[in-house]
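In: turn this into a model:
(one chain, ligands or ions: 1)
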Amino acid sequence: MKLPIKERAFTTGMIILAAAVVMILAALQYRWSNQISEATSIRLADSLQMSMINWHLDFFRDFSEICIAMNADSDVTKPDDHDEYARRFGVWKRSTEHPKLISNFYLIELREDQGPKVYRLDPVTSRFGLAKMTLDIAPLPRELQQADSQAASQSALGAANGAPSALSQAMDREFADRFYPGGPLAGWQFEPSIPALVRPIPSLEPGAGEATQRAMPWIVMVLDEKTVEDQLLPDLAERYFRGTEGLDYQVAVVASNKPKHLLYTSDAGFGGQEVTDADGTMDIFGRLQNGGTGSPIHIFHTPSENKGPAASVGITWFPLLRLNGIDQDWRLVVRHRRGGALGAFVADSRRRDLSIGFGMLFLLVISIAILIVTSTRAQRLARLQMDFVTAVSHELRTPLTVISSAAENIAHGVVEGKAQLEQYGTVIGSQARKLFEMVEQILLFAAIREGHQRYNLRPTEVSEILDAAVSSTAGLARSAGFRMEQEIEPNLPKILGDPSALSQCLQNLITNALKYGSDQRWIGIRARFAEHGLHGREIQISVSDRGIGIDSGDLPHIFEPFYRSPSVMAAQIHGTGLGLPLAKSIAEAMKGRVTVDSAPGHGSTFTLHLPCMEPSARQADAKASEAVSSSSTASTL
Ligand code: ADP
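Out: Residues are numbered from 1 along each chain as shown. Modelled structure (predicted):
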C-alpha cells in the first residue's frame, strides 16, 4: 500500500535532511582530521626541534666550559705564557664533569721558515714541553696554516675584540642569536679529522701586525673519542630523547669524515646506513648552507615560528675549521621509535581516526535507514490495519443487515406461506455462509501468519481440487449469471498437496473473477502440464476473466495483506484484501506460486503453479494404491 503524498513528502524530506547532515559531518570530519594531523605534526616537530636544539646546546656547553676556562682573550694572556694555559687547563679539569674529554692539549706555533713548533702538555708535570709531531695531529698544521691565511684576510681575530668576524658572519642569524658570538668564547673552531677544538691565540703586543708574519700560536685540544662516544653522547641521548619507556627516538651520531663511522647509536644498526626516513637531522658543527640562510636542522615537518631557547650566554658555536668542510661534519640523526617515522606515524593516526569517524558515520547512515524503513513499514501497517477493519466491518454489515431484516420479517409475520419461508431460509443460510467464510478466511490468515497452519499433504489428482473449488462457487456463479468454461488436459500427473487448502486457494481466485469480472460474465478455468527449465515439471491451473483488469501500478501490491486497489474501493466492490495473500501463502506451502497477467479493461488471468510429483514418489504412490485396491478386492471376495 502506497503512503499518502503528504507522508511520502515528509519521509523524502527526512531522508534528504539526514543525507545532507551526514555529508556535512563527513566533510567536517575530513577537515578536522586534516587540521588535527597538521597541528599534531607541528607539535611533534616543535618538540623534536626543541629536543635537538637543547641537545645541541648541551653538547656545546661541555666544550664551552673549556673555552671559558682557557679565557684566551683576556688582556693578561700572552701567547708565550704556556704555564698560564697549563694552569687554566688544570682548573677546568678539576671543575668539569668530563675531565677526560680532552686527551691531549697542544700549543702549536706555525713558522713559515722553520716549520711548525709543537708544545704538548705533559699530564704528569702539568707543563708544556716541546714535542714531536705525532700521527694523530699530523694533518693539523696544514689545516691551521690555511685557516690562518683565511683569517689574515678576513681578520678573524677581530671577532675576539667584538668586531664581526668571518666566522660569526658565517653563522646563521638564528644561531648567532642562540650562541654567544664574542669574548673568550669567540674564535673557537672544530676539526673533525682529529677530532679537536682549535683556536688561534690573539696577540695584543705592540706591532701586532707583524705577529701574523712572525708566528701564529694555536690552541689545539684533542678530544678523547672514547669519552665522547661512551659518556657524552649516550648521556645527551638519554637526557633529550627519553620517553616514559626508554628512548622515544632512535638516535645516532655519525662522523662524516673519511672513513665515515658511527660515533654513537642507540640501536644496533641504526645510522650505519643512510637513514632516508629520519625525523630530524642536524649538522652539528656545520656552517650554514644556501649562503648562510638555511638551518643545519632538518625536521620531518615545518615547525612553528618558535625558534627555541633565547640567547644563551656562556655557550659558543664551534664552526668547522675548514669553510668548505661540510662533508666532514658530524651529524645527529633521530627517528621516532614507535610506529616508524613521525610523518608516517601521524599519517597512520589520521587514517585510523578517519576510518573510525567514517565508520561511525556509516553506522549512523545504516541506523537512519533502518529507522526510516521501520517507521515507513509501521505507518503502512497501521494504515493497512485501519483499512482492514473498515473493509471487514463493511463486509460484515451487508450479510448481518440481510439476516436481521429477514429475521424481523419472519418475527413480525410478514412472511406468508411455506414457499416464502423457504426463500427466506435460503437467503439467511447463504448470508450466514458468507459470514462464516469470511471469518474462516480471517482465522486462516491469522493461523498462517502465526505459523500455526498445518497442511495435510498427500498425492492429489488435479481434478479433485478443481471439482471441489468449482462446486463450491458454482451456485454463486450461477446466481450472478456467469458462464464458466473449463479446459482440463487429460492424464495430468498428480501433485503433492493439501486438497482442501488448494481448493480454498482456487476458490479465492474464482471468487475474485466473479467479483471483478464485470459485465462480460465469463470465467475460464484451465489446467495443463508444463515443463520449464527453471521450475521443472509443473501443473498450471489458471482462472481467467474478461473484467476490469488490474492497473500496472497496483500489480506489485495485490498480494500484500489487506491491499485493495483504489479503483475497486471507489467502485464499492466489497472485499477484505486477504484473498490473494492467502492464495499465495497456500501455493508457497505446496512449493508452488501464483502469477498474474492482467490488462486494465481487458481482464486478468491468475495462474496457480504446482510442482508435479517426482517419478520416484509417483511409483511409491502407485504401489500403495495397488496394495489398497488388492486388499479391498480380497475383502469383497
Ligand atoms: P479483495 O478481493 O478482497 O479485495 P484480494 O486479496 O482477493 O482482496 O485482492 C486484492 C486486490 O487485487 C483486489 O482489491 C483487486 O483490486 C485486485 N484483484 C484481485 N483479483 C482480481 C481480478 N480477477 N480482476 C481485477 N482485480 C483483481
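
In: what residues go with each domain of this structure?
Out: As recorded under automatic domain parsing, the domains making up the chain are 52-338, 454-624.

In: now the shortest one, how far from the centre of its chain.
Out: Read that as domain 454-624. Its chain's C-alpha centre lies 53 Å from the corresponding centre of domain 454-624 when counted by CA atoms, centre = their mean, to the nearest Å.

In: so for it, what's the average pLDDT?
Out: For domain 454-624, mean pLDDT is 90.

In: still on that earlier bit, out of the domains of the chain, nearest to the ligand?
Out: Closest of the domains of the chain to the ligand is domain 454-624, at 2.3 Å (criterion: CB to the nearest ligand atom). Every C-beta, even on glycine, is put in place using the N, C-alpha and C of the backbone.

In: is the ligand within reach of the closest one?
Out: Yes. Domain 454-624 lies within reach of the ligand by CB under 6 Å from any ligand atom, at 512-513, 515-516, 545, 547-550, 558, 563-565, 568, 575-581, 604.

In: tell me which of those residues fall in helices.
Out: With helices taken from DSSP state H, the overlap with these comprises 512, 513, 515, 516, 568, 579, 580, 581.

In: out of those, who's nearest residue 269?
Out: Top of the list for closeness to residue 269, among these and by CB to CB, is residue 581 at 75.0 Å.

In: near the ligand, which residues of this protein?
Out: So the chain meets the ligand at 512-513, 515-516, 545, 547-550, 558, 563-565, 568, 575-581, 604 (CB under 6 Å from any ligand atom).

In: one more pass at 8 Å, please.
Out: The chain comes close to the ligand at residues 391, 508-509, 511-513, 515-517, 543, 545, 547-550, 554, 558-559, 563-565, 567-569, 573-583, 596, 598, 603-604, 606, as judged by CB under 8 Å from any ligand atom.

In: just to revisit the earlier point, neighbour-wise, which one of the ones in helices among the residues of domain 454-624 next to the ligand leads?
Out: Neighbour counts for these, by other CB atoms under 10 Å, peak at residue 513, which reaches 26 neighbours.

In: correct me, but that one touches residue 544?
Out: Yes. The pair residue 513 and residue 544 passes the contact test of CB atoms under 8 Å, sitting 7.2 Å apart.

In: can you list residues touching both of the two?
Out: Common contact partners of residue 513 and residue 544 (CB atoms under 8 Å, 6 or more residues apart in numbering): 523, 604, 606.

In: what kind of secondary structure is the first one in?
Out: Translated: residue 523. strand (DSSP: H, G, I helix; E, B strand; the rest coil).

In: one more: the last one?
Out: Secondary structure, three-state DSSP: residue 606 is strand.

In: in contact with the residue nearest to it when sequence neighbours are not counted, which residues?
Out: The shortest distance from residue 606 to any non-neighbouring residue, by CB to CB, 6 or more residues apart in numbering, is to residue 509 (4.7 Å). Counting by CB under 8 Å, 6+ apart, residue 509 makes contact with 543, 579, 583, 594, 606, 608.

In: which of these sit farthest apart?
Out: Once CB to CB is applied, the contacts of residue 509 give 579 and 608 as the farthest pair, at 13.0 Å.

In: returning to what we had before: in a markdown table, list the shared contacts of residue 513 and residue 544 along with neighbour count.
Out: A markdown table is the format used below for the shared contacts of residue 513 and residue 544 (neighbours: other CB atoms under 10 Å):
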| residue | neighbour count |
| --- | --- |
| 523 | 25 |
| 604 | 24 |
| 606 | 25 |
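
In: nearest to residue 137 among those?
Out: residue 606 (111.3 Å).

In: the closest one contacts residue 547, correct?
Out: No. Using CB under 8 Å, residue 606 makes no contact with residue 547, being 11.8 Å away.

In: common neighbours of those two, please.
Out: With CB under 8 Å, 6+ apart as the test, residue 606 and residue 547 both reach residue 513.

In: just to revisit the earlier point, doesn't the residue nearest to residue 606 fall inside a helix?
Out: Yes. Assessed by three-state DSSP, residue 509 belongs to a helix.

In: so that it lines up with my notes, have the first residue be 44 from now on.
Out: Got it, first residue is 44 now, which makes that one residue 552.

In: Three-state assignment for the closest residue to the ligand within the stretch 244-393 of the chain, please.
Out: In the stretch 244-393 of the chain, the residue that lies nearest the ligand is residue 393 (57.3 Å; CB to the nearest ligand atom). Under three-state DSSP, residue 393 falls in the helix class.
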